Every structure is written in structure tokens, then in C-alpha cells.
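>>> Build me a model from this:
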Amino acid sequence: MIPQHSRWRAYSFGWLTLGLFVFSLIGHWIFGWYDFANEQQTRGQSADLNPYIVQMMRETLENWQSEFLQLLWQVGGLAFFLFLGSPQSKEENDRIEAKIDFILKRVDPVAADGIIAELDERYSGRNTDKPGAHLS
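This is a model prediction of the structure:
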């Protein structure tokens with residue numbers, strides 16, 4: 001479990017992104033209200049809250065559909081598959097790790113397996129795939 005003080009640091013990019021998202025969403029709705037009220041005033045109508053909410057929900061969902069969800073999939077989906085360790089994202093890392101494991105086994109054949117296991121445990125237990133596993 002991540003200590004509370006480092007949780008903010010560990011997820012700082014996510015927190016910053018969430019803060020900017022909330023800030024922009026609130027700004028969108030505030031400035032949308034001024035635009036809606038001005039438009040209603042030019043038509044000689046009063047600016048009521050219910051039509052404004054319907055209009056802003058429609059505009060917000062249109063923006064999310066066309067831009068936010070597309071970007072979310074491109075960035076979030078890519079990050080998710082990199083996190084899962086798709087074969088395409090791990091190919092170079094597996095190759096490098098296999099070479100380092102080979103060198104470690106040549107330098108210290110007795111302790112190499114223990115050191116490799118300790119490093120795997122320390123760094124999330126991510127082991128390399130068996131050679132060629134991503135090709136099958």
C-alpha cells in the first residue's frame with residue numbers, strides 16, 4: 001500500500017489532469033451561462049435555468065463524444081495496454097532484460113537466480129516472457 005503522502009506524488013499527473021478537467025468544465029458551464037443569458041436577452045426572453053441545463057448537457061456530451069472520448073481512448077487505451085504489457089510495448093524491454101539476466105548469470109552463476117528473483121519482487125514482480133512467447 002502506498003503511504004498517503006506519496007500517493008499524491010505517485011498520481012500527481014492524474015490529480016493535475018483531474019484538476020484541469022474540473023476547472024475547464026466549471027469554466028465551460030459558467031461562460032455558457034453568460035452566453036445563454038445574453039442570447040435569451042436578445043430574444044426578449046428570460047434566462048431560465050432548466051433550458052440552460054438541457055442545452056449545456058447536450059453541448060457537453062457532444063464535446064465529450066467527439067473529442068474527449070476519442071482522446072481518452074487514444075491516450076488512456078494506449079497507457080492501459082502499455083501497463084498490461086502488451087507484446088508490442090514489452091518487446092524491447094524483454095530483450096534488454098534477457099541480456100542483463102544472461103550477463104548476471106555469467107558473472108555470478110551461484111547467486112544470479114536469487115538476485116533476479118529479488119529484483120523481480122522489488123520491481124512489481126514483472127518477469128520477462130519466455131523467449132518468443134509474444135509471437136505465438
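>>> Quick one: list the elements packing against the helix or strand hosting Leu20.
Counting by DSSP states H and E, the element that carries Leu20 is helix 12-42. Based on contacts counted as 3 or more C-beta pairs under 8 Å, 6 or more residues apart in numbering; DSSP states H and E, the elements that helix 12-42 packs against are helix 49-63. (Each C-beta comes from the backbone N, C-alpha and C, glycine too.)
>>> one more time with 10 Å
The elements that helix 12-42 packs onto, with contact taken as 3 or more C-beta pairs under 10 Å, 6 or more residues apart in numbering; DSSP states H and E, are helix 4-10, helix 49-63.
>>> Restricting to C-alpha, output the shortest one in PDB.
Think helix 4-10. What follows is helix 4-10, C-alpha atoms only, in PDB (Å, rounded to 0.1, in the frame of the first residue of the first chain):
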ATOM      1  CA  GLN A   4      -0.700   8.800   2.000                       C
ATOM      2  CA  HIS A   5       2.000  11.500   1.400                       C
ATOM      3  CA  SER A   6       3.500   9.700  -1.600                       C
ATOM      4  CA  ARG A   7       0.100   8.900  -3.100                       C
ATOM      5  CA  TRP A   8      -0.300  12.500  -4.200                       C
ATOM      6  CA  ARG A   9       3.200  12.300  -5.700                       C
ATOM      7  CA  ALA A  10       2.600   8.900  -7.300                       C
END
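>>> by contact count, what packs against the strand or helix carrying Glu121?
Taking DSSP H and E as the definition, one finds Glu121 inside helix 112-122. For helix 112-122, the helices and strands in contact under the criterion 3+ C-beta pairs under 10 Å, 6+ apart are helix 87-107.
>>> distance between the helix it packs on and the chain's centre?
Going by C-alpha atoms, centre = their mean, to the nearest Å, the spacing between the C-alpha centre of helix 87-107 and its chain's C-alpha centre is 26 Å.
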